[in-house]
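Asker: Could you work out the structure for the sequence below:
(2 chains)
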Amino acid sequence: MAHTTTTSSKIESPLPHWKQESNSFTGDELIDAYLRGRKDERSQNQEILMERFNTNLTLAASLSEELYREAVELELMINTVHLKAESISKFAILFVIAMDDFLSENFTKLSSKAKTIRERSKSDKFYTSFLFTPLSPTISEECITSDGYIFKYDKTK
Amino acid sequence: MTKPNDRLAHAMHNEDVCNHLSLKEEFADWTITTAFYSALHFVSHKIFPFKVKAIEGKMTDIETLDQYYSYSKSLKKSISKHELLLELVGEKLTEETYNYYDWLYSSANTARYHHYQHPPEISNRAITYMNKIKKACS
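Answerer: Below you'll find the predicted structure:
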């Protein structure tokens, strides 16, 4: 009798409060190896770069969570937060925000806070940008994920 | 070399396109995009030229975003030109102008996540912010 084996597509996220899309590839060999926890032969240089990526990814997540808390303080309804690693030192964070809030006066305050966080955290080894988009009936999470936003904040954790 | 009048003319050209597209609700995605690209040239007209310290320590003129991008890369910055311009808006223009520009930048960059369909509230706001930026940069 033939046996078939199936490989679980569940991938454990390296970030405690974020889910990672299971079929996610960034196109960056080192980052993809990191995300899959591959420990096959790595040079010392690759280990250093992986460590740097881990530090930066954790920082990007932390800054996202900080801005999320600021948004809650401003009574803005954040639907989802998505995180993308563009390189080992550059990240993008996307906030999906309720339409009315996206058009509100309080949103400009969130934009200012995002700028402050970005300017405070940037260095020649780390940069994160913040983007905002309104929640709409036509929004596509599939499109967002395929654009490289492979981490999604789990607000329940 | 981009002349100041070219930047302003380019901004107003994009503004004309934006106003034309806004006449049809089904073109809301392009209204948002052209509002952003109009604002981009209005802020560029206001920001450039400015002086920076060159690597040798002397002051040098930065006339265009491309020049500033090359200069920044030499300082180990590796962000996109759009992000660099957003930073410049934050540094050199008012907080209010920055917030309008940031909103337009976000809206234009994420338009594709909505299957290019947007309610009129968003495209109308885009036009409002474009006009506010134009006024601030005149």
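
Asker: who touches stretch B:85-97?
Answerer: If you take C-beta atoms under 8 Å, 6 or more residues apart in numbering or on different chains as the criterion, stretch B:85-97 is touched by A:108, A:112, A:115, A:119, B:40, B:43-44, B:46-47, B:50, B:65, B:68, B:79, B:98, B:101-102, B:105, B:132-133, B:136-137. (C-beta placed from N, C-alpha, C; glycine too.)

Asker: If we use 6 Å, what do you get?
Answerer: A:115, B:43, B:47, B:65, B:98, B:101, B:105, B:136 (C-beta atoms under 6 Å, 6 or more residues apart in numbering or on different chains).

Asker: quick one: furthest residue from the center of chain B?
Answerer: Distance from the centre of chain B peaks at residue B:56, with 30.2 Å (C-alpha atoms, centre = their mean).

Asker: Using just helix, strand and coil, how would you label it?
Answerer: The three-state label given to residue B:56 by DSSP: H, G, I helix; E, B strand; the rest coil is coil.

Asker: can you check the one 5 residues further on too?
Answerer: The three-state label given to residue B:61 by three-state DSSP is strand.

Asker: pLDDT score assigned to it?
Answerer: At residue B:61, the pLDDT value in this model is 90.

Asker: Was I right to think it contacts residue B:49?
Answerer: Yes: using C-beta atoms under 6 Å, residue B:61 is in contact with residue B:49, at 5.0 Å.

Asker: Indicate whether the longest helix along chain B makes contact with chain A.
Answerer: Secondary structure of chain B per DSSP state H: the longest helix is helix B:28-47. No: Helix B:28-47 is not in contact with chain A by C-beta under 6 Å from any C-beta of the partner chain; minimum separation 10.5 Å.

Asker: ok but residue A:137 is inside a strand, no?
Answerer: No: Residue A:137 is assigned coil when assessed by three-state DSSP, not a strand.

Asker: quick revisit: what mean pLDDT does the longest helix of chain B get?
Answerer: Rounded mean pLDDT across helix B:28-47 is 96.
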